[in-house]
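S.K.: Provide a 3D model corresponding to the input given below.
(one chain, ligands or ions: 3)
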Amino acid sequence: MKYIVGIGGMTNGGKTTLTNSLLRALPNCCAVHQDDFFKPQDQIAVGEDGFKQWDVLESLDMEAMLSTVQAWVSSPRKFARAHGVSVRLDASDTHILILEGFLLYSYKPLVDLYSRRYFLTVPYEECKWRRSTRSYAVPDPPGLFDGHVWPMYQKYKQEMEANGVEVVYLDGMKSREELFHQVLEDIQNSLLNRS
Ligand SMILES: Nc1ncnc2c1ncn2[C@@H]1O[C@H](COP(=O)(O)OP(=O)(O)O)[C@@H](O)[C@H]1O
Ligand SMILES: O=C(O)c1ccc[n+]([C@@H]2O[C@H](COP(=O)([O-])O)[C@@H](O)[C@H]2O)c1
Ligand SMILES: [Mg+2]
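M.R.: Ligands and ions are numbered 1, 2, ... in the order given. The predicted structure is shown next:
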């Protein structure tokens, strides 16, 4: 069985942290990180607001991300081996792929592929604070969070809801451990119901 999990939601909601814990716990599990598909800096548009528009779908090479997912779908074993994930021969023939990123549910060709879509959120103040402690490959210029990051987050979330995309909301204010156990249990139950 092939099972694709989305760990989506806002920037600094805790997506990468949660994904890394799940990867260690789930057998035959690979991950694809949306952040790996940002286009080079010189291809990122500059908006009327003067900010580079990093937080829009067009700043990501989603076709390349889709191809990567399709490679996993066509052969999860080969994909796992190529990505250094050991395939457990004793485990049932279940293969899990985690897609992780801040705009997972806004790209049409991917949206129906998920078996389960999670969406992490934290309140605005917490998000802004966590973001201020991060160092990205391209550092945030002053004012980016309020001028670009937060408005784009709200826009895409509203679109997702208007399109009726079903997600399981996760409270990113819970501890790392609590979130990990909640999602691990939920995935395990969902897998049991399918087998
Ligand atoms: N459950 C949590 N509670 C408190 N802080 C967290 C939690 N999960 C992650 N963090 C911290 O928040 C920041 C963003 O986490 P990260 O997993 O990189 O988020 P994302 O990938 O969603 O941007 C990091 O400093 C991380 O250590
Ligand atoms: O990784 C990069 O190259 C990169 C370059 C510029 C910006 N980012 C930021 O990465 C954010 C998404 O990653 P994350 O882990 O915070 O969800 C998004 O809000 C972007 O503004 C990321
Ligand atoms: Mg991340």
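
S.K.: Export the lengthiest helix in the chain to CSV, keeping only CA atoms.
M.R.: Secondary structure of the chain per DSSP state H: the longest helix is helix 176-194. Extracted in CSV, the C-alpha atoms of helix 176-194 (Å, rounded to 0.1, in the frame of the first residue of the first chain):
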residue,chain,number,x,y,z
ARG,A,176,6.9,18.7,20.0
GLU,A,177,6.3,15.3,21.7
GLU,A,178,2.6,15.8,22.0
LEU,A,179,2.3,16.6,18.3
PHE,A,180,4.5,13.8,17.3
HIS,A,181,2.5,11.2,19.3
GLN,A,182,-0.8,12.6,18.1
VAL,A,183,0.1,12.4,14.4
LEU,A,184,1.9,9.1,14.7
GLU,A,185,-1.2,7.5,16.3
ASP,A,186,-3.5,9.1,13.8
ILE,A,187,-1.4,7.8,10.9
GLN,A,188,-1.2,4.3,12.4
ASN,A,189,-5.0,4.2,13.0
SER,A,190,-5.6,5.4,9.4
LEU,A,191,-3.3,2.7,8.1
LEU,A,192,-5.0,0.0,10.1
ASN,A,193,-8.4,1.1,8.7
ARG,A,194,-7.1,0.7,5.2
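
S.K.: check whether it contacts ligand 1.
M.R.: Yes - judged by Cβ under 6 Å from any ligand atom, helix 176-194 comes into contact with ligand 1 through 176, 179. Just so you know, the C-beta spots here come from the backbone N, C-alpha and C atoms, and that holds for glycine as well.

S.K.: Which positions in that helix come out as buried?
M.R.: Under the neighbour-count criterion of 16 or more other Cβ atoms under 10 Å, helix 176-194 has 179-180, 182-183, 187, 191 buried.
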